[in-house]
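Asker: this is the structure alone, sequence omitted:
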């Protein structure tokens, strides 16, 4: 690729640059031509999706499913910032960056606590039970008030202490809130062994996610992982194509996709996994 990378900002005038850059990536992958995008539907407040983000930026990395549900089926998507990171001196900036990224994606934003929750890690429940109980009560109250149809949270072995802590926190909260709905387990730091949903994103939607991720200016200045996001999404197609359809299967000719593990919950308990599915970007996504 000879194209220069767009600047790490998300001014609307940069959208065409991001689209062109992601499009060149898709050409190198020899992806199949994309069909026409499904029509956008008006918002339906009854269809609520809560994205529990361990850190600011996770809402973009795992945002394919909620973005498509919002656009194609009218879902209302709220990003729940569980933490604003461990560096106190960065929290004000990260809050602003998160707000800009969510606005770019059309997501609502809710931050737990004044500056996010503290020490959401696997050992906190035992080491600091009062703090963990406070965190748990806060999430249970949110779930009870909103009653979402879909919750997104990391899977339990996502190889990052806060991601694993958020998984434990959300699963316990779902049980206490007697949740009835869908849970989509997400991945980033480590793959989940048995994803059952592969959600394609078009060039336009992939570019939008990358552009939103670039809004986390302080983080991508440290490590330009927004520029690597399409490569990760491309590898999801390789891996998901066989994990979902079976070893030796021919994967779809998508350029970009994100993997999830979807399960149905009732009365606070996991009931069953959803039927494995490929969700192409030309067919309206319904859950």
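Answerer: Structure's in. What do you need? Keep in mind that this is a model prediction, so the values were computed, not measured.

Asker: helices and strands around the helix or strand hosting residue 219, which ones?
Answerer: Assigning secondary structure by DSSP states H and E places residue 219 in helix 217-222. Applying 3 or more C-beta pairs under 8 Å, 6 or more residues apart in numbering; DSSP states H and E, one finds that helix 217-222 makes contact with helix 88-105. Every C-beta, even on glycine, is put in place using the N, C-alpha and C of the backbone.

Asker: please report how far the spatially most central residue of the chain lies from residue 193.
Answerer: In the chain, the centroid-proximal residue (C-alpha atoms, centre = their mean) is residue 62; its distance is 2.2 Å. Distance, residue 62 to residue 193, by C-beta to C-beta, to the nearest Å: 17 Å.

Asker: next one: residue 120
Answerer: Separation of residue 120 from residue 193 (C-beta to C-beta): 23 Å.

Asker: neighbour-wise, which of those two wins?
Answerer: A count of neighbours by other C-beta atoms under 10 Å puts residue 120 above the other of residue 120 and residue 193, at 23 against 10.

Asker: quick one: low-confidence parts of this structure?
Answerer: Screening the chain residue by residue with the criterion pLDDT under 70, one finds the ranges 1-13.

Asker: show me where it has its helices.
Answerer: In the chain, helices defined by DSSP state H lie at 15-28, 58-61, 64-73, 88-105, 124-127, 129-146, 161-176, 203-213, 217-222, 229-245, listed in chain order.

Asker: what's next to the second one, contact-wise?
Answerer: Counting by C-beta atoms under 8 Å, 6 or more residues apart in numbering, the neighbours of helix 58-61 from elsewhere in the structure are 51, 53, 79, 98, 101-102, 105, 107, 154, 186, 188, 209-210, 212-213, 215-216, 226, 229.

Asker: ok, now with 6 Å
Answerer: Residues from elsewhere that reach helix 58-61 (C-beta atoms under 6 Å, 6 or more residues apart in numbering): 51, 53, 79, 101, 188, 209, 212, 213.

Asker: who wins for most neighbours among those?
Answerer: When neighbours are counted as other C-beta under 10 Å, the busiest of the contacts of helix 58-61 turns out to be residue 53, with 30 neighbours.

Asker: can you tell me how far the closest residue to it other than its chain neighbours sits from residue 239?
Answerer: On the basis of C-beta to C-beta, 6 or more residues apart in numbering, the spatially nearest residue to residue 53 that is not a chain neighbour turns out to be residue 59, at 4.6 Å. Note on residue 59: its distance to residue 239, by C-beta to C-beta, is 22 Å.

Asker: and residue 89, by the same measure?
Answerer: Residue 89 sits 37 Å away from residue 239 when distances are taken as C-beta to C-beta.

Asker: neighbour count: these two, which is higher?
Answerer: Each of residue 89 and residue 239 has its neighbours counted (other C-beta under 10 Å); residue 239 has more, 15 against 7.

Asker: ok, the more buried one to residue 232 distance?
Answerer: Counting by C-beta to C-beta, the gap from residue 239 to residue 232 is 10 Å.

Asker: do the same with residue 18
Answerer: As defined by C-beta to C-beta, residue 18 lies at a distance of 16 Å from residue 232.

Asker: kindly report the same for residue 68.
Answerer: Relative to residue 232, residue 68 is positioned 18 Å away (C-beta to C-beta).

Asker: these two - which one has more neighbours?
Answerer: The neighbour comparison of residue 68 against residue 232 (other C-beta under 10 Å) goes to residue 68, with 23 against 14.

Asker: so the more buried one sits against residue 286, correct?
Answerer: No - with the criterion set as C-beta atoms under 6 Å, residue 68 and residue 286 do not qualify as a contacting pair; they are 10.1 Å apart.

Asker: returning to what we had before: centre of the chain to the helix holding residue 219, how far?
Answerer: Distance of helix 217-222 from its chain centroid, counting by C-alpha atoms, centre = their mean, to the nearest Å, is 19 Å.

Asker: list the buried residues for that helix?
Answerer: Taking 16 or more other C-beta atoms under 10 Å as the basis for neighbour counts, the residues of helix 217-222 that come out buried are 217, 219, 220.

Asker: residue 129 and residue 260: what is the separation?
Answerer: Look at residue 129 and residue 260: by C-beta to C-beta, they are 31 Å apart.
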